[in-house]
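Engineer: using only what follows, build the 3D model:
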Amino acid sequence: QVQLVESGGGWVQPGGSLRLSCAASGFTFSSATMRWFRQTPGKERELVATITRGGGSTTYASSVKGRFTISRDNAQNTVYLQMNSLKPEDTAVYYCNAYISPIIGYWGQGTQVTVSS
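Structural biologist: Numbers count the residues shown, from 1 in each chain. Presented below is the predicted three-dimensional model:
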């Protein structure tokens, strides 16, 4: 059974930091490109960050570049999103995604991140 379990969300003041984790099981983690998305009510899900299977390449949305860092530990089947200098507009539900192929992908249940004073 495939599972992606996100954790680490919560409330933080503007300028603060959070580290999200996504623990994967039920598939070959090292074969998946891993991605973090986020979504706010009434808006489409937005791709935030991507990391390749070996972790050698990362890409970021322009809105988070320089503030967020995606990383992965293939031995622990976990992907992370370090979020620094958080802004109120970063408030969203953050989702972990495992991209296997154009027709195979898995989603976590999401974790809420709220940035406010």
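Engineer: the helices in the protein, which residues?
Structural biologist: Using DSSP state H, no helices are found in the chain.
Engineer: go through it and flag its longest strand.
Structural biologist: strand 92-101 (DSSP state E).
Engineer: buried stuff in that one?
Structural biologist: 92-98 (16 or more other C-beta atoms under 10 Å). (Each C-beta comes from the backbone N, C-alpha and C, glycine too.)
Engineer: same check, this time on stretch 14-25
Structural biologist: 18, 20-24.
Engineer: Y60: which of those is nearest?
Structural biologist: Comparing the buried residues of stretch 14-25 against Y60 with C-beta to C-beta places L20 closest, at 14.3 Å.
Engineer: so the closest one is in contact with Y80, correct?
Structural biologist: Yes: judged on C-beta atoms under 8 Å, L20 makes contact with Y80 at a distance of 6.6 Å.
Engineer: these two touch, right, V64 and K87?
Structural biologist: No: with contact defined as C-beta under 8 Å, V64 does not reach K87; the gap is 9.4 Å.
Engineer: those two: who's more crowded?
Structural biologist: Higher neighbour count among V64 and K87: V64, with 22 against 13, using other C-beta atoms under 10 Å.
Engineer: next up, the contacts around the most centrally placed residue in the chain.
Structural biologist: When C-alpha atoms, centre = their mean is applied to the chain, the residue found nearest the centroid is W36 (2.8 Å). W36 makes contact with 20, 22, 47-50, 70, 79, 81, 94-97, according to C-beta atoms under 8 Å, 6 or more residues apart in numbering.
Engineer: 6 Å instead?
Structural biologist: When contacts are counted by C-beta atoms under 6 Å, 6 or more residues apart in numbering, W36 touches 48-49, 81.
Engineer: identify the bridge partners of it.
Structural biologist: On the basis of DSSP bridges, W36 is bridged to A49, C96.
Engineer: shaky segments in the chain?
Structural biologist: Scanning the chain for pLDDT under 70 picks out nothing.
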